[in-house]
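**Student:** Just a sequence and a predicted model for now, questions to come.
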2 protein chains.
Amino acid sequence: MRCDPCVKLRDSLDFAESFNIRIQMPNSIPDNSVGLVKPQLMHFEQPLSLACGRTLEDYQLVYETYGELNKDRSNAVLICHALSSHHHAAGYHEHEDKPGWWEVCIGPGKPIDTNRFFVVCPNNLGGCHGSTGPSSINPDTGQSWGADFPPLRVRDWVNAQAKLSDKLGIYQWAAVIGGSLGGMQAMRWALEYPDRLRNCVVIASAMKLTAQNIAFNEIARSAIRSDPEFHEGNYLAHNTIPKLGLTLARMIGHVTYLSDDLMGRKFGRQLRSGDFEQGSYNPVEFQVESYLRYQGDKFSEFFDANSYILITRILDYFDLAREYDNNPVNAFSQALCDFLVVSFTTDWRFAPERSREITDALIDAGKNVCYAEVDAPEGHDAFLLPIPRYLELFHTYMQRIADEVNS
Amino acid sequence: MRCDPCVKLRDSLDFAESFNIRIQMPNSIPDNSVGLVKPQLMHFEQPLSLACGRTLEDYQLVYETYGELNKDRSNAVLICHALSSHHHAAGYHEHEDKPGWWEVCIGPGKPIDTNRFFVVCPNNLGGCHGSTGPSSINPDTGQSWGADFPPLRVRDWVNAQAKLSDKLGIYQWAAVIGGSLGGMQAMRWALEYPDRLRNCVVIASAMKLTAQNIAFNEIARSAIRSDPEFHEGNYLAHNTIPKLGLTLARMIGHVTYLSDDLMGRKFGRQLRSGDFEQGSYNPVEFQVESYLRYQGDKFSEFFDANSYILITRILDYFDLAREYDNNPVNAFSQALCDFLVVSFTTDWRFAPERSREITDALIDAGKNVCYAEVDAPEGHDAFLLPIPRYLELFHTYMQRIADEVNS
């Protein structure tokens, strides 16, 4: 099963849908959407040196753009996606009824205002939505890379994104923006290419994962590896996929992206079937059980298992300050841009404390930083949702940037 | 693979060991241990009516006792175990080098002082350590029950424990005590057999699980069911066990019993192998990954998968006040005993808020209740660990009971 950039893949939006957020049909695209969009492909024939020591000789990135680049090329914004997302961040694909995963934040009049910014969102290397990854063909073998795809780091993604910037003729981004794993990329940009961004927006992220976070990722990977259809990562050669393992992996991830509070409000102890009458046995299924199974099952139909393993390892391995004497202040001293840091109160996977650590290090490094801790019950996934206070502060920050670059 | 009561099965103690708690060898059994103990068996030929409407015609419970029953049979204490525990709560089995799972709390001079109390700890029905459960022989078929074992509720356990009490000649317990799922049993005792206990000790427990808790249990069950060796629960008939699924289930459970804080202190981002040097690729394994895999793997060697599914369902289905108009105050109004309720600050699986709900309902029902929220970084597993403040308050409460019953 090969992945195609046009395959239906909007788990974040399915999440939004499950929370009763209104989904528009293409025949009634709202005015505040970027409208119909098409993914674009960029081929790179110059080899990319990777942090692991290996080289990707030839690769491609799929990406989307929204809005118009201004004359002095100063209004471009780069969106870095998280673990299970991709290049389709906003607008609609033809014949599809759901918009991109960050439709609430990207569009005319929205925080990332496409009337003012030129927005670029690539699918990262190692993904499974059209950019070169484990399910792509390895030119040396003529077979899918599978488990042989080189291990990547956040810095490899950032380097590939910089090559894309070069090809697009964008030297300096008005902002590099990301939530969760996307925030890690934004921070890495600030350190590795300090003169190539004016602002860095880091939402619901961390300078490195905690042991608990690594543990959840490892359990998810173990679930995939335990599936007999995994074949040590060479499942495509066996014409199969480790569907059950990937389903479990997603269920584990999904429950940690929600807060206990939100799950209580949304599902509580509601039953989908069965009852607790004494003396009559009707097997009980809780709503939350069937919801999780549905989410996991759906995810397993479009996400590549090797990509999931590879990307969760990228998350685990990320440590912003590793090459800066393990000192975040030293690390951020490299940066030249301004920062917006946002966290959500009930996010226990990337807790507000992690964002406060980022903010403290930025302040100690003498950087301009705005920090907002948004009171929201939605857990980690809050960064994908239309929370008024969050959208408002994000909008305010971005408007200031737009005023600067368009003036 | 059949389970035997004498098999080595002390995951809680392995946990303790991993936290550098001193483990004594039998040839140097410390003075404050109950010493060598032997499991005992009790057969029941009177059928047990179950909440599901089915009947267990014939069953057995394995149990251990520590200390001596006094003349008026008033100093007996019942220990109710949690999800993965069993009857071997204290002392040593011959030729084994680890004590029972609650050795820190049970013994001469300890909170449950065996110089003053007669302590009884049965393995619950549905378990896999010697009491009748899914891996026992179904007399109707001559084969293991497997997935056909009747679904149980906490009230079934409590009813079976009451039958054991009758056979032991103990009408009233000085205290019924349990942590986690054990606390649910203790509370059910207080409601179903109000005149048969003088005290109810509820540690790190809840009146019902949250949606998040149910979600984690369901993911664990899905992991077991996804294992092709599960054979819909009839794996023993296929001479196999769903080892990989059970390993995953335990890994999921285990990580939720620890706090983020404790995992950070214990493992942080320490590596077991590999390095992050750029340009040289040595695959990285974090300590926390190998620890979890080891714990899961070890657990899968002695725990029965059907028991795991059955017992996690018992946890999910428990709702103390369901039959009392969903009103905890109505429920606790049935009780005649006094209560001690204990929680631990970093326990996010059975959070202090759940214990405060119990305490509030008890107060509103006019009951005598002591509530202690113990500041401890160890998460849910804190109730198994030698935390001085916890042991001290537990000891104080139990000494008062001992003074009353022995006077």
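**Tutor:** On my side now, so go ahead. Residues are numbered from 1 along each chain as shown, chains lettered A, B, ... in the order given.

**Student:** surely A:Pro47 meets A:Pro139?
**Tutor:** No. Under the criterion of CB atoms under 8 Å, A:Pro47 makes no contact with A:Pro139, lying 11.8 Å away. Bear in mind the C-beta positions are built from the backbone N, C-alpha and C, glycine included.

**Student:** residues shared between the contacts of these two?
**Tutor:** A:Glu57, A:Asp58 (CB atoms under 8 Å, 6 or more residues apart in numbering or on different chains).

**Student:** Give me the residues contacting the longest helix belonging to chain A.
**Tutor:** In chain A, taking DSSP state H as the definition, the longest helix is helix A:388-406. Contact partners of helix A:388-406, identified using CB under 8 Å, 6+ apart, comprise A:70, A:74-75, A:104-105, A:110-113, A:116-117, A:174-175, A:198-199, A:201, A:340, A:342, A:344, A:370, A:372, A:374-376, A:382-383.

**Student:** Identify the residue spatially nearest to the residue nearest in space to the middle of chain A, adjacent ones excluded.
**Tutor:** For chain A, the residue nearest the mean C-alpha position is A:Ala82 (1.4 Å; CA atoms, centre = their mean). Nearest residue to A:Ala82, sequence neighbours excluded (CB to CB, 6 or more residues apart in numbering or on different chains): A:Ser180, at 4.0 Å.

**Student:** And for A:Pro122?
**Tutor:** Counting by CB to CB, 6+ apart, A:Tyr63 is the residue found nearest to A:Pro122 once chain neighbours are left out, at 3.8 Å.

**Student:** Any chance you could give me the one helix or strand the one you found maps to in PDB, C-alpha atoms only?
**Tutor:** Element membership for A:Tyr63 (DSSP states H and E) is strand A:59-66. The C-alpha trace of strand A:59-66 is given here as PDB (Å, rounded to 0.1, in the frame of the first residue of the first chain):
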ATOM      1  CA  TYR A  59      14.400  13.500  -2.700                       C
ATOM      2  CA  GLN A  60      11.200  15.400  -3.100                       C
ATOM      3  CA  LEU A  61       9.000  17.400  -0.900                       C
ATOM      4  CA  VAL A  62       5.300  17.900  -1.400                       C
ATOM      5  CA  TYR A  63       4.000  21.200  -0.100                       C
ATOM      6  CA  GLU A  64       1.100  23.700  -0.300                       C
ATOM      7  CA  THR A  65       1.000  27.500  -0.400                       C
ATOM      8  CA  TYR A  66      -1.700  29.900   0.500                       C
END
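
**Student:** Give me the packing partners of it, helices and strands only.
**Tutor:** Secondary-structure packing of strand A:59-66 (3 or more CB pairs under 8 Å, 6 or more residues apart in numbering or on different chains; DSSP states H and E): strand A:40-44, strand A:118-122, helix A:154-168.

**Student:** all strands of the stretch 151-300 of chain A, in order?
**Tutor:** Taking DSSP state E, counting those that start in this stretch to define them, one finds strands in the stretch 151-300 of chain A at A:175-179, A:199-203, A:271-275, A:282-286.

**Student:** And the stretch 1-150 of chain A, by the same measure?
**Tutor:** Using DSSP E, counting those that start in this stretch, the strands of the stretch 1-150 of chain A run over A:40-44, A:48-49, A:55-56, A:59-66, A:76-80, A:106-107, A:112-113, A:118-122, A:137-138, A:143-144.

**Student:** What pairs with the fifth one, parallel or antiparallel?
**Tutor:** The strands beside strand A:76-80 in its sheet (DSSP bridges) come out as strand A:118-122 (parallel), strand A:175-179 (parallel).

**Student:** Skipping its backbone neighbours, what lies nearest A:Glu94 in space?
**Tutor:** Distances taken as CB to CB, 6+ apart place A:Leu36 nearest to A:Glu94, at 6.0 Å, with adjacent residues excluded.

**Student:** in terms of contact, does the one you found touch A:His95 like I think?
**Tutor:** No. With contacts counted by CB under 8 Å, A:Leu36 stays clear of A:His95, the gap being 10.0 Å.

**Student:** So which of the two has more stuff around it?
**Tutor:** Using other CB atoms under 10 Å in any protein chain shown as the criterion, A:Leu36 and A:His95 rank with A:Leu36 on top: 13 against 9.

**Student:** Give the bridge partners for the more buried one, please.
**Tutor:** Note on A:Leu36: beta-bridge partners by DSSP bridges are A:Tyr92.

**Student:** Same check on the one 5 residues further on?
**Tutor:** When assigned by DSSP bridges, A:Leu41 has beta-bridge partners A:Val62.

**Student:** that older thread, mind listing what's buried in the longest helix of chain A?
**Tutor:** Using 16 or more other CB atoms under 10 Å in any protein chain shown as the test for burial, helix A:388-406 gives A:Tyr390, A:Leu391, A:Leu393, A:Phe394, A:His395, A:Tyr397, A:Met398, A:Ile401, A:Ala402, A:Val405.
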